[in-house]
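Engineer: Sequence first, then the predicted structure:
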Amino acid sequence: MGNTFGHLFRITTFGESHGGGVGVVIDGCPPRLEITPEEIQFELDRRRPGQSKITTPRKEADQCEILSGVFEGKTLGTPIAILVRNKDTRSQDYDEMSIKYRPSHADATYDAKYGFRNWQGGGRSSARETIGRVAAGAIAKKILRQVAGVEIIGYVKRIKDLEGVINPDLVTLEEVESNIVRCPDGETAEKMIELIEQTGRQGNSIGGVVECVARHVPKGLGEPVFDKLEADIAKGVMSLPASKGFEIGSGFAGTLLTGFEHNDEFYTDENGEIRTVTNRSGGIQGGIANGENIIIRVAFKPTATIRKEQKTVTKDGEETVLAGKGRHDPCVLPRAVPMVEAMVALVLCDHLLRNHGQCRIL
């Protein structure tokens with residue numbers, strides 16, 4: 001239960017952090033889409049551990065293997081299975097955590113639900129599960145680009161109290177990838193990197209905010225009431241490990257405005273298209289895309305496993321202390337960027353396919 005996401009473009013992820021591997025099965029991908037392992041690998045490389053001095057030092061190539069659903073470089077329309085094998089596991093680092101609960105981690109809740117858990121690396125609750133999402137997201141991005149010209153770009157907007165000055169309408173992938181923290185504001189990025197390094201040396205962790213923009217989204221995507229486009233995007237990104245908050249458009253800041261100040265007035269552009277002067281709605285109105293850029297933000301908490309000693313209890317309720325071991329990111333934000341992009345892409349791709357089945361024919 002809970003391992004499948006989507007309606008027409010549906011994914012099921014599998015695997016644990018220290019098991020044989022992790023991956024995804026994608027069902028509903030249209031046939032004849034040209035896709036290569038290299039395109040998927042590009043996204044996985046942005047997510048993988050050990051990519052810079054501010055990420056976990058776990059050394060994983062995260063090399064993807066396409067097991068089914070693709071023939072001669074094109075999708076068959078049948079389920080696509082993608083596997084990434086785990087190579088650099090150090091399960092002994094987690095021996096103490098087999099009986100002691102890490103504060104703010106999923107250890108205690110998994111035991112409460114199942115009465116049993118894979119304590120090696122966090123098992124299914126590890127962010128390593130997101131490999132399958134990112135692999136599937138690469139295919140969803142390709143469909144969105146090819147069918148509708150949609151472009152999805154995520155970036156780190158804030159680390160702790162350091163916030164970059166970024167225009168979501170103009171930011172480019174090249175700017176995002178120009179530094180290891182994935183903040184396109186270069187001056188702020190340097191300060192962020194320094195703060196993450198300093199925090200890591202102290203055995204501690206910090207959080208922040210990822211912002212993501214989807215451009216050229218066709219008008220009309222989204223469903224009424226329970227399947228509103230922003231509701232599905234929120235569910236997707238809030239299912240990511242360590243996510244704690246979601247905003248779209250003006251977000252919580254919009255509560256400080258009056259309706260007159262907040263409303264996006266309409267006009268007709270030179271091509272006869274109905275547009276909005278401002279975009280406080282974040283590209284979605286009434287749960288349906290209005291053709292403007294969709295802009296969302298996701299808050300991520302500080303990494304739960306830290307090297308500082310903290311009070312906790314054992315499985316039997318005995319009070320004790322624990323200083324986390326293993327290899328963990330002092331800040332998840334740089335690696336969370338492709339994860340957020342992937343979830344946005346999966347939702348938009350699913351709604352694109354749903355919309356094609358409901359579009360006006362008269």
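Structural biologist: Sure, I can see it.
Engineer: Next, count neighbours for the spatially closest residue to Leu257 that is not a sequence neighbour.
Structural biologist: Excluding the flanking residues, the one nearest Leu257 by C-beta to C-beta, 6 or more residues apart in numbering is Ser250, at 7.2 Å. The way it works is simple: take the backbone N, C-alpha and C, and place the C-beta from them, glycine included. By other C-beta atoms under 10 Å, the residues close to Ser250 number 19.
Engineer: was I right about Ser250 contacting His262?
Structural biologist: Yes: with contact defined as C-beta atoms under 8 Å, Ser250 reaches His262; the gap is 6.5 Å.
Engineer: shared neighbours of those two, anything?
Structural biologist: Arg280 (C-beta atoms under 8 Å, 6 or more residues apart in numbering).
Engineer: on that earlier part again, can you check the pLDDT for the residue nearest to Leu257?
Structural biologist: Here, the pLDDT recorded for Ser250 equals 98.
Engineer: so how far is Arg297 from it?
Structural biologist: 11 Å (C-beta to C-beta, to the nearest Å).
Engineer: list the helices and strands the helix or strand where His351 lies packs on?
Structural biologist: Using DSSP states H and E, His351 sits in helix 333-356. Packed against helix 333-356 by the contact rule (3 or more C-beta pairs under 8 Å, 6 or more residues apart in numbering; DSSP states H and E) you find helix 37-47, helix 130-148, strand 151-159, strand 208-215, helix 229-238, strand 294-300.
Engineer: closest one to Gly123 among those?
Structural biologist: Nearest of these to Gly123, taken as C-beta to C-beta: helix 130-148 at 13.8 Å.
Engineer: Can you give the distance from that closest one to the centre of its chain?
Structural biologist: Taking C-alpha atoms, centre = their mean, to the nearest Å, one finds the center of helix 130-148 at 12 Å from the center of the full chain.
Engineer: angle of it against helix 229-238?
Structural biologist: With axes from the mean of the first three to the mean of the last three C-alpha atoms, to 10 degrees as the basis, helix 130-148 and helix 229-238 are set at 150 degrees to each other.
Engineer: which helices and strands does helix 130-148 pack with?
Structural biologist: strand 10-15, strand 21-27, helix 37-47, strand 80-85, strand 151-159, helix 333-356.
Engineer: Buried deepest among those, which one?
Structural biologist: helix 333-356 (a mean of 25; mean count of other C-beta atoms under 10 Å).
Engineer: Using CSV, write out every CA atom in the one helix or strand Asp111 maps to.
Structural biologist: Assigned by DSSP H and E, Asp111 belongs to helix 107-114. What follows is helix 107-114 as a C-alpha-only set of coordinates in CSV (Å, rounded to 0.1, in the frame of the first residue of the first chain):
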residue,chain,number,x,y,z
ASP,A,107,12.1,4.4,13.0
ALA,A,108,9.5,4.6,15.8
THR,A,109,6.5,5.1,13.4
TYR,A,110,7.5,2.2,11.2
ASP,A,111,7.7,0.0,14.3
ALA,A,112,4.3,1.3,15.5
LYS,A,113,2.7,0.5,12.1
TYR,A,114,4.4,-2.8,11.1
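Engineer: remind me which residues of the stretch 201-350 of the chain are low pLDDT?
Structural biologist: 326-327 (pLDDT under 70).
Engineer: go with 50
Structural biologist: Nowhere does the stretch 201-350 of the chain drop to pLDDT under 50.
Engineer: Val277 is nearest to which of the helices and strands packed on helix 130-148?
Structural biologist: Val277 sits nearest to strand 151-159 of all the helices and strands packed on helix 130-148, at 22.3 Å, using C-beta to C-beta.
Engineer: which helices and strands does that closest one pack with?
Structural biologist: Partner elements for strand 151-159 (3+ C-beta pairs under 8 Å, 6+ apart): helix 130-148, helix 173-176, helix 186-201, strand 208-215, helix 333-356.
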